[in-house]
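Novice: Sequence first, then the predicted structure, then my questions.
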Amino acid sequence: TMGSSRFFLTLQLLLLSSFCSVRLSKPFTTAKTDFLALLSFKSLISSDPLGILSSWNGSVHHCLWPGIKCGGRHSDRVTALVLSSSRLSGQISSSLSNLSFLQELRLSDNHFTGIIPEELGQLSRLRNMNLSVNSLGGNIPSTLGNCTRLQDLNLRRNNLQGTIPNSLGLCKELVYLLLNSNNLTGNIPPSLGNLTRLLLFRLDVNNLTGTIPDSLAQLKVLETICLNENSISGEIPSSLYNISSMQVFQLAYNQFSGNLPSDIGANFPNLLALVVFANQLQGPIPNSLSNCSELYMIAVAYN
């Protein structure tokens with residue numbers, strides 16, 4: 001009948017619109033998507049004196065291009081872009097966010113300028129991002145908090161400014177976090193205390209202020225903390241001295257006050273370097289440091 005035909009037509013339209021909305025919500029990417037993303041990256045390179053990208057064209061499969069590694073299971077999908085120390089100049093294309101299988105992005109020791117595209121936060125499989133030793137400016141994108149598989153984030157020696165995003169506390173797989181030698185301001189976000197796998201934590205040579213959040217005491221396997229050359233003040237949280245894995249403890253050139261705890265040597269049995277000079281610390285140098293049999297550097301002057 002006319003009524004039942006109209007009903008089935010309406011039902012088909014509803015199912016079709018539902019299917020379309022699902023397809024549109026998560027863009028489908030292919031090897032062609034990767035190919036075009038890499039060409040977009042190349043288009044923003046202003047100087048390539050070593051000619052590394054000269055073979056990046058359609059004559060050779062993109063998985064054979066210099067600096068590109070493709071996957072095992074998905075053999076035509078890009079899993080690594082590694083062009084460190086290649087003397088490249090230009091900007092980082094936001095199109096890299098279309099490399100949906102990317103696990104490694106290493107562009108360190110080049111001459112990249114501009115900003116870190118916030119679209120890189122879409123790289124949900126990313127494990128390693130190394131953009132260090134460039135001339136990148138702007139803020140650290142808060143969207144990087146979406147890269148929850150990140151294990152190594154190295155943005156040191158750039159011109160980054162603004163605050164450290166709270167969202168980095170969502171990257172709970174992080175083992176290495178290096179944001180040193182930039183122009184970062186503001187406080188150390190308490191959310192970084194959620195990075196409980198962190199071994200190396202470097203925020204030195206910035207313009208950070210405020211105090212050390214108590215939450216950093218949750219970093220139970222931390223081996224190196226380096227906060228040198230900032231304007232961080234207040235007392236060093238006593239809970240920070242309970243991280244028995246600590247090897248390098250560097251807080252020089254800040255405005256820390258208070259005493260070094262008398263039992264620091266017992267709490268830091270693996271300590272290699274204690275560097276707290278040029279602060280406002282007072283009191284005695286703890287006798288317990290003699291328990292630190294591996295200690296090779298102690299710098300407590302100018303307090």
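Specialist: Happy to help now that I have it.
Novice: which residues touch stretch 37-49?
Specialist: Outside of stretch 37-49, the residues within contact range by CB atoms under 8 Å, 6 or more residues apart in numbering are 53-54, 56, 62, 65, 68, 78, 81, 86-93, 95-99, 111. From N, CA and C alone the C-beta is placed, and that goes for glycine too.
Novice: tell me the mean pLDDT over it?
Specialist: In this model, stretch 37-49 has a mean pLDDT of 97.
Novice: Just give me the residue closest to the centre of the protein.
Specialist: Centroid check for the chain by CA atoms, centre = their mean gives residue 153 as the closest residue, at 2.5 Å.
Novice: which SS state does that one fall under?
Specialist: Following DSSP: H, G, I helix; E, B strand; the rest coil, we place residue 153 in the strand state.
Novice: thinking it is in contact with residue 177, fair?
Specialist: Yes - counting by CB atoms under 8 Å, residue 177 is a contact partner of residue 153 at 5.5 Å.
Novice: list residues touching both of those two?
Specialist: Contact criterion CB under 8 Å, 6+ apart; residues shared by residue 153 and residue 177: residue 168.
Novice: Type out the PyMOL command that picks the buried ones from the contacts of stretch 37-49.
Specialist: The following PyMOL line selects those of those that are buried, judged by 16 or more other CB atoms under 10 Å:
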select buried, resi 53+56+62+65+68+78+81+86+88+89+90+91+92+93+95+96+97+98+99
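Novice: Identify those among the contacts of stretch 37-49 that sit within strands.
Specialist: Those of those mapping onto strands are 68, 78, 81, 89-91, 111, per DSSP state E.
Novice: Serialize these to JSON lines and add fields for pLDDT and distance to residue 237.
Specialist: As requested, the ones in strands among the contacts of stretch 37-49 are arranged in JSON lines below (pLDDT from 0 to 100; distance: CB to CB, whole Å):
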{"residue": "68", "pLDDT": "97", "distance to residue 237": "45"}
{"residue": "78", "pLDDT": "96", "distance to residue 237": "43"}
{"residue": "81", "pLDDT": "98", "distance to residue 237": "39"}
{"residue": "89", "pLDDT": "98", "distance to residue 237": "43"}
{"residue": "90", "pLDDT": "98", "distance to residue 237": "43"}
{"residue": "91", "pLDDT": "98", "distance to residue 237": "40"}
{"residue": "111", "pLDDT": "98", "distance to residue 237": "40"}
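Novice: Perfect, that will be all.
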